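A.B. asks: no FASTA, just this:
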């Protein structure tokens, strides 16, 4: 049988709908392509976060030899940012990239899979997710929505934020209008401040015009990109409210289950690679941006006083305990999270912390 | 054409050398298999390290849909542990799993890709390797040996080790016979001690019989498995000599280049996944084992005094500077490593360190 006839036979036989090309290799390479859409909560190509989503899509396409192609859509391109969860749930898109605390309206327990004030660092979070039962719980809470979640990026410890005045005591937070979302915002409220939520694109002008007195965003890499040093004078650390923010991939369960086993493995493992690669990128870019902020833009980098941090931690404990009481599933997640945090803290104190103090 | 005839036609046509199976999927699945051997420096299935190598092999097989099958050999099964590098270089095995400091006899620069006293943590190491030019340099130094290296595991901060007496000042290290390999051993020598190198399997009996006075190994997870608490009384932290030990995969360059593009991507990315998964596993298992050591076996966990750590750091700086002067390539690697370490330290101090101190 001649090559042309053979391929024609293959194509028309209905037995396989893809053709295997030899091209000198001993390995069959399919020309059939599955096309997936990935909607994201980030502006298209936003440094670190949006580029992380691009990286995830590229890895899937590359490792699958083009059998599964994933196209990334920035916020608003296909759906608004906060409709990413619903879009993946109903299958409008097969994948999404965002952060789990955006979906607290769907399930309060989701907040434990993004950022918890005085919670886990990036390294500890991966320990809990991959070897401490965390990922299984995350899957359980998204199961009713037909979504499979996966960790797919981490920013590391964030900065406490930009302030237009010095914070010398907890009283300085009273009356402070600050852009700070999620559980951190709730903690600020308990300290007498007013948390507001603003999309990234509106932060700079709000801070510049005095509509807000302070803001947190991510860290030097992203904060420099937004020019926040031009809008506020004091840059505080550490990011007590987001000590290792996990980004997430959302996968439509039906679409996932239609994939053959090797592609399923590729999709889930591409999330793992993105998870590691993003924190590696932030670790490198944050130090470079910090250097630029301090030396070029003469930014004052200040540490929040211990008294302020201690007070924020006790307020955080209260807020988290209240959230944990929301429903049965949230209590279950909190129990696992808290048990891991209390135990890993003992190890981190004599490993990472003791080492970093000695260096 | 019936299914049976069609497959027969495909198999005999000579146009493709593998058969594409439909099995209800739109994707071709090859039945042709490439078989690779992976030799390792670890005992077969050794917790964390040997199981990490197994994990790497499994991931490659799984993501390739069985097109590339990797079989793992423990130390001595195919070649002795310290011949892994040569075996991969000459193609006896297509892959290896070990640690780069074992190959300092081949190239002194390799030591910077495993563990450097007072060097980078796991998170910082990944920043340097993936986004700071480290991996490119690593590839450059293995290039003459026909080997492609990749980070494929990390233990995190190790413990300083087990001692049969308290270490109250640097003078207590004088005359101390301790199992401690690599650059850490050289530093101990400068402090007046006697470093010895022993394979893992001989550590327990040497410490128990008093042939050595002290030993470092990895951390609670692995140290508990070896029963070291039965052989020495004092367990010290932090692991100043190995703050984020990177394990490595070695890939034979010729074998790699014969792979189609998707399998190349799968092999390199499987290394990345293993790199992250191992530190996540150590983070979880170390805390559990620490709890067992302290509460069940009543081990005394002590911090090395600041004076001792400070002295060890200045000795380490001297040793590393001397190693860096070995040859042109080592100087080049050291320059990149040092520049990254100095810069990232500033960021880590106000992120991970400041946060962990506040928690």
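C.D. replies: Sure, I can see it. Computed from a predicted model, the values in this text were never measured in an experiment.

A.B. asks: ok, now which ones touch the nearest residue in space to residue A:66 that is not next to it in sequence?
C.D. replies: Spatial nearest neighbour of residue A:66, excluding adjacent residues (C-beta to C-beta, 6 or more residues apart in numbering or on different chains): residue A:33 at 6.2 Å. Just so you know, the C-beta spots here come from the backbone N, C-alpha and C atoms, and that holds for glycine as well. By C-beta atoms under 8 Å, 6 or more residues apart in numbering or on different chains, the contact set of residue A:33 is A:66, A:67, A:68, A:69.

A.B. asks: My guess is the second one contacts residue A:60. True?
C.D. replies: Meaning residue A:67. No: in this structure, residue A:67 is not within contact of residue A:60 by C-beta atoms under 8 Å, at 9.5 Å.

A.B. asks: if we take the contacts of residue A:33, which one ends up nearest to residue A:50?
C.D. replies: For these, the closest approach to residue A:50 (C-beta to C-beta) belongs to residue A:69, at 18.5 Å.

A.B. asks: looking at this, the closest one is in a helix?
C.D. replies: No: read with DSSP: H, G, I helix; E, B strand; the rest coil, residue A:69 is strand and lies in no helix.

A.B. asks: I'd like to know how far it sits from chain B.
C.D. replies: 13 Å (C-beta to the nearest C-beta, to the nearest Å).

A.B. asks: got it, and residue A:278?
C.D. replies: Per C-beta to the nearest C-beta, residue A:278 is found 10 Å from chain B.

A.B. asks: and if you look at residue A:50?
C.D. replies: Distance from residue A:50 to chain B, by C-beta to the nearest C-beta: 17 Å.

A.B. asks: my guess is residue A:260 meets residue B:65, correct?
C.D. replies: Yes: contact between residue A:260 and residue B:65 holds when scored by C-beta under 8 Å: they sit 7.0 Å apart.

A.B. asks: For the residue nearest to residue A:66, give me the pLDDT.
C.D. replies: As predicted, residue A:33 sits at a pLDDT of 94.

A.B. asks: swap in residue A:198?
C.D. replies: For residue A:198, the predicted pLDDT is 83.

A.B. asks: Is it in contact with residue A:204, as I believe?
C.D. replies: No: contact status for residue A:198 versus residue A:204: not in contact, 9.9 Å apart, counting by C-beta under 8 Å.

A.B. asks: residues in the stretch 51-200 of chain A within reach of chain B, list them.
C.D. replies: Within the stretch 51-200 of chain A, the positions adjacent to chain B are A:59, A:62-67, A:118, A:121-124, A:126-132, A:156-159 by C-beta under 8 Å from any C-beta of the partner chain.

A.B. asks: Among the residues you listed, which are located in helices?
C.D. replies: Of these, the ones assigned to helices by DSSP state H are A:59, A:62, A:63, A:122, A:123, A:124, A:126, A:127, A:128, A:129, A:130, A:131.

A.B. asks: can I get the residues you listed in TSV with neighbour count and pLDDT?
C.D. replies: Shown next, in TSV, are these (neighbours: other C-beta atoms under 10 Å in any protein chain shown; pLDDT from 0 to 100):
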residue	neighbour count	pLDDT
A:59	23	98
A:62	17	98
A:63	30	98
A:122	25	98
A:123	28	98
A:124	26	98
A:126	29	98
A:127	28	98
A:128	27	98
A:129	25	98
A:130	20	98
A:131	18	98
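
A.B. asks: give the contact list for residue A:213.
C.D. replies: Neighbours of residue A:213 in contact, by C-beta under 8 Å, 6+ apart: A:163, A:164, A:165, A:176, A:177, A:178.

A.B. asks: Closest one to residue A:193 out of the residues you listed, please.
C.D. replies: Distances from residue A:193 to those, taken by C-beta to C-beta, are shortest for residue A:176, at 4.2 Å.

A.B. asks: show me what contacts the closest one?
C.D. replies: A:163, A:188, A:192, A:193, A:194, A:213, A:214.

A.B. asks: From chain B, how far off is it?
C.D. replies: 19 Å.

A.B. asks: Now that residue: closest residue in space that isn't a chain neighbour?
C.D. replies: Nearest to residue A:176 is residue A:193, by C-beta to C-beta, 6+ apart, at 4.2 Å.

A.B. asks: Would you list the phi and psi of that neighbour?
C.D. replies: Phi and psi for residue A:193, reported as degrees, to the nearest 10, are phi -90, psi 180.

A.B. asks: Was I right to think it contacts residue A:177?
C.D. replies: Yes: distance between residue A:193 and residue A:177: 7.3 Å, which falls inside the contact criterion (C-beta under 8 Å).

A.B. asks: For the two, work out which one has more neighbours and name it.
C.D. replies: Shown here are residue A:193 and residue A:177; by other C-beta atoms under 10 Å in any protein chain shown, residue A:193 has more neighbours (20 against 16).

A.B. asks: so who does the more buried one touch?
C.D. replies: Applying C-beta under 8 Å, 6+ apart, the residues contacting residue A:193 are A:173, A:174, A:175, A:176, A:177, A:178.

A.B. asks: Closest one of those to residue A:317?
C.D. replies: Checking the contacts of residue A:193 one by one against residue A:317 (C-beta to C-beta), the nearest turns out to be residue A:173, at 17.0 Å.

A.B. asks: With chain B as the reference, measure out to that closest one.
C.D. replies: Counting by C-beta to the nearest C-beta, the gap from residue A:173 to chain B is 16 Å.

A.B. asks: Can you check what pLDDT the model gives that residue?
C.D. replies: For residue A:173, pLDDT reads 98.
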